[in-house]
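Chemist: Just need the structure, nothing else, for what follows:
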Amino acid sequence: MRNSSLFLRSGLTVAAASALSLFVAAAADAVSGISVSTTGSTVSVTTSTCTNVNGSWGTASLLNSRQANFSQGRQVSLSGTSALQSAAWSNVNPGTYTVIVICSDGTTAGTQSVIVSPSARPTISATASPSRGVMGGMGGGSTDYGTLTLVGGGLLVGTGAAATVWYLRRKAKPYRL
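Modeler: Predicted coordinates for the structure are as follows:
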């Protein structure tokens with residue numbers, strides 16, 4: 001009885017902690033109004049809070065740590081539909097950035113920080129191709145073994161077969177005291 005109440009209390013604690021973390025994450029998204037992601041050296045932002053005013057959804061700006069306001073950052077116009085607007089920056093150097101989205105009606109959709117990690121670039125090197133094509137063969141199956149090797153292998157196979165038969169016949173007999 002004592003163990004079941006302990007498990008019940010710990011289960012309730014875990015459930016409460018999980019619900020709290022989901023609530024905090026949802027609240028952060030609700031306050032921000034934007035979603036920022038990185039893929040390699042590309043930073044992209046999406047939002048659904050802007051409205052189209054005179055053919056424009058708004059502008060997004062990417063600020064590095066030395067830039068203080070919206071106009072100093074790399075600005076990109078939002079594109080999309082009434083359901084989702086987006087913008088992207090390519091060739092972004094590694095570092096910490098702030099993304100700010102201002103809708104065309106002057107309201108701020110959100111601000112969010114993002115970290116661009118350095119990506120490992122693959123190194124490509126040329127190798128020489130074989131001059132005579134692929135060197136194929138029998139894979140060791142064409143080696144000519146001598147008589148002594150063949151007789152030794154045959155004895156090993158025969159001994160293994162005889163031992164197997166002896167073991168199975170002995171096991172099949174009823175056990176006698």
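
Chemist: Could I get the pLDDT score of Asp174?
Modeler: Careful, residue 174 is Pro and not Asp. Listed pLDDT for Pro174 reads 71.

Chemist: gap between it and Asn52?
Modeler: Note on Pro174: its distance to Asn52, by Cβ to Cβ, to the nearest Å, is 92 Å. All C-beta atoms are positioned from the backbone trio N, CA, C, and that covers glycine.

Chemist: now Ser61
Modeler: Separation of Ser61 from Asn52 (Cβ to Cβ): 19 Å.

Chemist: Give me the more crowded residue out of Pro174 and Asn52.
Modeler: Taking other Cβ atoms under 10 Å, Pro174 and Asn52 do not tie; Asn52 has more neighbours (16 against 4).

Chemist: so the more buried one makes contact with Ser82?
Modeler: Yes: applying Cβ atoms under 8 Å, one finds Asn52 in contact with Ser82, separated by 6.9 Å.

Chemist: For the chain, which segments are assigned as helices?
Modeler: Ranges of helices within the chain are 2-32, 147-172, based on DSSP state H.

Chemist: Mean pLDDT lowest where, among the ones you listed?
Modeler: Among those, helix 2-32 carries the lowest mean pLDDT, at a mean of 46.

Chemist: Phi and psi next, for the closest residue to Thr42 other than its chain neighbours.
Modeler: Using Cβ to Cβ, 6 or more residues apart in numbering and skipping the chain neighbours, the partner closest in space to Thr42 is Ser90 (4.9 Å). Backbone torsions of Ser90, given as degrees, to the nearest 10, read phi -110, psi 170.
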